[in-house]
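give me the fold of what follows.
(2 chains)
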Amino acid sequence: MPSKYSEINPAWGDRDPVIVGFLCNWCSYRAADLAGISRFSYPTTLRDIRIMCTGRLDPTFVLKALREGADGVLVMGCHPGQCHYESGNYKAMRRMALLRRTLAQLGVDPERVQLGWASAAQGNIFRDTVIRMTDAIVRLGPLDWQANITDSIDDIASHFAHLEADEEVAYGR
Amino acid sequence: MAAKAKPKLALYWAASCGGCEISVLAIHEKILDVAEAFDIVLWPCVMDFKRQDVEAMADGEIDVCLFNGAIRTDENAEWAHLLRSKSKVMVAYGSCSSEGCIPGLANFNDSRQMMQYIYLDAPSVDNPDGVLPQMETQVPEGILTLPGFWNTVKTLDQVVPVDYYLPGCPPEAEWTLAAIDAILSGKLPPAGSTIGRASTVCDECPRVRGEKKISRFYRPYEIIPDPDICLLDQGLFCAGIATRAGCGALCPRVNRGCEGCYGPPEGVVDAGAKLISAIASVLDADTPEEIDAILDTLPDPAGYFYRFGLAHSLMHRVRLEKQNGDKVASPVGEIPRLDPSLKD
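From the prediction side, this is the model:
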């Protein structure tokens, strides 16, 4: 069954966008709770993961999410100045800025990795952020990282047929 | 010749610079012990061996293979498969075979872009007829062949299973010796281990570290660094904070920031991600504008963070242009908004 997003961008085909969300325990995860309690409606594209603080977010998590098939990553925390641990969200702000620059060099549009703020009282801002992010991802199309970094055998034009079988496992660490 | 057959040692190079071969000799007179203890059955850099000689061996006949160089052509992969099947213990020797190293930087491009630049566009090239290397060339004597050139540089363990890693560009003699001693004494670490120290270059660096607050980055030509203070404290990029120890902090000792050739320390998957995390968190900035201003002084961040580890990093390479790629997505203006009320 075609994805409803394929009407907007045919590149989606049969699947919906997948956005991995890292939400901080003290503000944004509670904003997500509030959005649910308030019965706000927003796209079902977000897979939220609770972390204690956006300062705990290792860029490795973001890279792994993208590598494993996410189309985007949304990190949300407390507003600047309101971090439960004083400075975690500032560290996240700096890391995300550098991470976005690095990813851009690797061919990942910086729009795919976003940072947002919502306090525990701002379910509406959480909803708006998810809508806005989904909108950006839908327009960008699927990331499909593994497929987009794997050489086709035609590209390699291999002399040796037996190497073909190794292409699938070659990216395993 | 001793009554008991000596263990067989093979050394092979794939996509590498030859520095690893030299580093084997950096163990100095101990090389004589190695020659005494082992029967060297393959070392193309030093002695004349033919592939048929290796193919004629029984599976597992070679006791230890030190394999340096990344995998970037069909020939590299052929040899990796051949030596894997003939060797009991496969050691990824050096940064290229364990991390991708400098050849792995080719993963910022693809093979067509590389051929275009190397054979046509580079300023030093004189190639008026636009001759490009071909996998097959007809000559009067028959057909000449070249191995296929891959889009993507791979590390040895992305092609065949690897037993031990000996990182470094090149590995320091101390660790080459440690590996040889371990093999000779039979006291080998668990399979999959990296032979080296677990901590980071900072642990071996004599510089004094203070509270880090980076207000701008300097490139090496822009500043004469203080010889006693942490380079990162002075705004010089140094990868030592996320790089495995084992080299004795050679580069920081001579006023040069660590480049990261020893790869990630124990327990770290992606050294680049850890560098992003560590470097960014000490920026002296609290607003997006201030952060951008500081980051503008750090050109080519991916090049700094993945200088040696791109081929073994989580992202592995730059995205190839495919039908669904960002670069060829429909123009943004033509796709309607999900929610018409949204504005940029």
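
can you list the strands that the host helix or strand of A:V20 pairs with?
Secondary structure assigned from DSSP states H and E places A:V20 in strand A:19-24. In the sheet, strand A:19-24 lines up against strand A:46-51 (parallel), strand A:72-77 (parallel) (DSSP bridges).

so how far is stretch A:138-155 from its chain's centroid?
Here stretch A:138-155 is found 16 Å from its chain centre; the criterion is C-alpha atoms, centre = their mean, to the nearest Å.

helix, strand or coil: sort out the residue in chain A positioned nearest to chain B for me.
Residue nearest to chain B within chain A (C-beta to the nearest C-beta): A:G107, separated by 3.1 Å. Glycine gets a C-beta too; all of them are placed from N, C-alpha and C. Here A:G107 is coil, with the state taken from DSSP: H, G, I helix; E, B strand; the rest coil.

tell me which residues of the strand holding A:V20 come out buried.
Within strand A:19-24, the residues that count as buried by 16 or more other C-beta atoms under 10 Å in any protein chain shown are A:19-24.

swap in stretch A:118-134?
The neighbour-count criterion (16+ other C-beta under 10 Å) identifies A:118-120, A:122-123, A:125-134 as the buried residues of stretch A:118-134.

same check on stretch B:203-220?
B:204-205, B:207, B:214, B:217-218.

would you point out the helix or strand in chain B whose mean pLDDT is lowest?
Lowest on mean pLDDT, DSSP states H and E among the helices and strands of chain B sits helix B:111-116, with a mean of 82.

what is it packed up against?
With contacts taken as 3 or more C-beta pairs under 8 Å, 6 or more residues apart in numbering or on different chains; DSSP states H and E, helix B:111-116 sits against strand B:149-154.

and the helix or strand just after the strand it packs on, anywhere near chain A?
Once the chain leaves strand B:149-154, the next helix or strand it forms, by DSSP H and E, is strand B:164-166. No. Strand B:164-166 lies out of reach of chain A by C-beta under 8 Å from any C-beta of the partner chain, never closer than 12.0 Å.

now for the next helix or strand after strand B:164-166, which elements pack on it?
Downstream of strand B:164-166, the first helix or strand assigned by DSSP H and E is helix B:173-185. Helices and strands touching helix B:173-185, by 3+ C-beta pairs under 8 Å, 6+ apart, are helix B:19-25, helix B:30-37, strand B:164-166.

return the set of buried residues in the longest one.
I take that to be helix B:30-37. For helix B:30-37, by 16+ other C-beta under 10 Å, it's B:30, B:34.

that one vs helix B:173-185, what angle?
Angle, helix B:30-37 to helix B:173-185, by axes from the mean of the first three to the mean of the last three C-alpha atoms, to 10 degrees: 20 degrees.

what distance do you get for the nearest residue to B:Y117 once chain neighbours are set aside to B:A273?
Sequence neighbours aside, B:N109 is the residue nearest to B:Y117 in space, at 7.9 Å (criterion: C-beta to C-beta, 6 or more residues apart in numbering or on different chains). According to C-beta to C-beta, to the nearest Å, B:N109 and B:A273 sit 22 Å apart.

kindly report the same for A:W117.
Using C-beta to C-beta, one gets 23 Å for the distance from A:W117 to B:A273.

what about those two, which has more around it?
Taking neighbours as other C-beta atoms under 10 Å in any protein chain shown, A:W117 and B:A273 compare with B:A273 leading, 27 against 24.

ok, that one to chain A distance?
Look at B:A273 and chain A: by C-beta to the nearest C-beta, to the nearest Å, they are 4 Å apart.

quick one: contacts of the helix or strand that contains that residue?
Per DSSP H and E: B:A273 is located in helix B:271-281. Contact partners of helix B:271-281, identified using C-beta atoms under 8 Å, 6 or more residues apart in numbering or on different chains, comprise A:58-60, A:62-63, A:91, A:94-95, A:97-99, A:102, B:214, B:232, B:237, B:239, B:241-243, B:260, B:263-265, B:268, B:298, B:301-302, B:304-306, B:309-310, B:313-314.

following element in sequence after that helix, please.
That would be, after helix B:271-281 and using DSSP H and E, helix B:288-295.

does chain A sit close to that next one?
Yes. Counting by C-beta under 8 Å from any C-beta, chain A has neighbours in helix B:288-295: B:288, B:291-292, B:295.

distance from the chain centre to that helix, please.
On the basis of C-alpha atoms, centre = their mean, helix B:288-295 sits 31 Å off its chain's mean C-alpha point.

can you tell me what sits against the very next helix or strand once past it?
Next helix or strand after helix B:288-295 toward the C-terminus (DSSP H and E): helix B:301-305. Helix B:301-305 is contacted by residues A:98, A:101-102, A:105-106, B:105, B:108, B:237, B:239, B:260, B:271-273, B:275-276, B:295, B:298, B:310 when judged by C-beta under 8 Å, 6+ apart.

rewinding a little: ok, of the buried residues of stretch B:203-220, which one's closest to B:V139?
B:F217 (52.9 Å; C-beta to C-beta).

what's the pLDDT at the closest one?
If you check B:F217, the pLDDT there is 96.

what residues are up against it?
By C-beta under 8 Å, 6+ apart, the residues touching B:F217 are B:235-237, B:294, B:297-298.

what does B:L295 give?
By C-beta under 8 Å, 6+ apart, the residues touching B:L295 are A:97-98, A:101, B:283, B:301.

so in terms of bridging, what pairs with the most centrally placed residue in chain A?
For chain A, the residue nearest the mean C-alpha position is A:V73 (1.5 Å; C-alpha atoms, centre = their mean). Applying DSSP bridges to A:V73 yields these beta-bridge partners: A:V20, A:V113.

please apply the same query to B:V139.
Under DSSP bridges, the beta-bridge partners of B:V139 are B:G142.

tally up the residues packed near it, please.
Close neighbours of B:V139, defined as other C-beta under 10 Å, add up to 7.

please apply the same query to B:K6.
So B:K6, with other C-beta under 10 Å, has 14 neighbours.

and it, what helix or strand is that in?
Using DSSP H and E, B:K6 is not contained in any helix or strand.

low-confidence ranges in chain A?
Scanning chain A with the threshold set as pLDDT under 70 gives A:151-173.

in helices, which of the contacts of helix B:271-281 appear?
With DSSP state H as the criterion, helices contain A:59-60, A:62-63, A:91, A:94-95, A:97-99, A:102, B:301-302, B:304-305 from among the contacts of helix B:271-281.
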